[in-house]
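1. sequence first, predicted model second:
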Amino acid sequence: MQKTRKVLVTGSLGQLGSEIRRLTEGNDNFVFTDCIEADGILSLDICDAEAVAACVAKNNVGTIINCAAYTNVEKAEDEPEICRRINCEGVAVLAEAALRSGASLIQISTDFVFDGAKGTPYLETDTPSPLSVYGRTKADAESIIIASGVKGVIIRTAWLYSPYGKNFVKTMLHLGSTLPSINVVNNQTGSPTYAADLADAILRIIPIAGGKMGDIYHYSNAGECSWYDFAREIMRQAGLSCEVNPVSSSEYPQKAIRPSYSYLDKTKITAELEIGVPQWQDSLQKCLQRLI
């Protein structure tokens, strides 16, 4: 009888990896790794080709979900080499290991591969034009995967939040409970993504990933909003009286340039894979129920 091939998840201590762990609790077919060892999580440097190959072989891995990434957009401008090592070299190592073992690779990408100049929802077929070091490394990682010929999919997402780690929702809850008013940027528009929704979508994609060849899909929650809109809704749903004032991003100069409009069109993933996309306000409510 053929032994069941396992699912290897990298970056398991991050927001998305943590949600995948929660949703698959008790499932022995998942192997969780991160750059540091933790309870139930193996230590694995995705840039170490020998270690990755050994891990894939030892655990009979059939699918790799790469949640590992350098995601500090501002810091990446000062550490481009480190960012590229993790986001590009690490991806190349994972793609090679998957190719050699006949495994599929699910890569997580970002709306930051776009410059925001289009002004209408971005399709999977739109040409990337990143504005930041982080965005360029994630766009290059997509190219690496497609050129490698590895089986699998690339999922672009945006504005990720969850009860885990540092994110906009948790920051707003903290500020909203300690300050009478805050200023939030109102000229950057996109779509928030509840990490639990994305994790669920990824788990649904695992069975069909081996039949894809670097296919790109967009997944974030439905509905457009600005960071200002997002912050106001957080305060409203959380019952916080903190006043949210709209300001331009020019009042908050940052090293990394953000796309002004990066809403991802989800028609392809809903039509082809029949994966539902909840409205962002509904998903925010679900997350807040876990946080408050």
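-> Looks like it arrived, so ask away.
2. doesn't residue 220 make contact with residue 266?
-> Yes - with contact defined as CB atoms under 8 Å, residue 266 counts as touching residue 220 (7.1 Å). Bear in mind the C-beta positions are built from the backbone N, C-alpha and C, glycine included.
3. please say which of these two ends up with more neighbours.
-> residue 220 (27 against 21; other CB atoms under 10 Å).
4. and residue 290, how many neighbours?
-> Residue 290: 11 neighbours (other CB under 10 Å).
5. for it, give me its contacts.
-> residue 163 (CB atoms under 8 Å, 6 or more residues apart in numbering).
6. quick one: it is in a strand?
-> No - with DSSP: H, G, I helix; E, B strand; the rest coil as the criterion, residue 290 is helix rather than part of a strand.
7. I figured residue 41 hits residue 12, correct?
-> Yes - in this structure, residue 41 is within contact of residue 12 by CB under 8 Å, at 5.0 Å.
8. just the pLDDT at the nearest residue to residue 67 once chain neighbours are set aside, thanks.
-> Counting by CB to CB, 6 or more residues apart in numbering, residue 67 lies nearest to residue 11, which is 3.6 Å off, once chain neighbours are set aside. Per-residue pLDDT puts residue 11 at 98.
9. separation between residue 11 and residue 235?
-> For residue 11, the distance to residue 235 equals 30 Å [CB to CB, to the nearest Å].
10. more crowded one of these two?
-> Neighbours per residue (other CB under 10 Å) separate residue 11 from residue 235, with residue 11 holding more: 25 against 20.
11. my guess is that one meets residue 70, correct?
-> No - in this structure, residue 11 is not within contact of residue 70 by CB under 8 Å, at 10.3 Å.
12. residue 41 and residue 12: which is more packed in?
-> Per other CB under 10 Å, whichever of residue 41 and residue 12 has more neighbours is residue 12, with 25 against 19.
13. the residue nearest to that one when sequence neighbours are not counted pairs with what?
-> Closest residue in space to residue 12, ignoring its immediate chain neighbours: residue 32 at 3.8 Å, by CB to CB, 6+ apart. Residue 32 has these beta-bridge partners by DSSP bridges: residue 9.
14. for residue 32, which residues are in contact?
-> 9, 12, 17, 21, 40-42 are the contacts of residue 32 under CB under 8 Å, 6+ apart.
15. any of those residues buried? List them.
-> By neighbour count, with 16 or more other CB atoms under 10 Å, the contacts of residue 32 hold 9, 12, 17, 21, 41 as buried.
16. need these in TSV with secondary structure and distance to residue 261, can you?
-> Putting the buried ones among the contacts of residue 32 into TSV (DSSP: H, G, I helix; E, B strand; the rest coil; distance: CB to CB, whole Å) gives the following:
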residue	secondary structure	distance to residue 261
9	strand	32
12	coil	32
17	helix	29
21	helix	33
41	strand	37
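17. mind putting those into a markdown table with distance to residue 110?
-> Listed next are the buried ones among the contacts of residue 32 as a markdown table, based on distance: CB to CB, whole Å:
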| residue | distance to residue 110 |
| --- | --- |
| 9 | 18 |
| 12 | 19 |
| 17 | 16 |
| 21 | 21 |
| 41 | 23 |
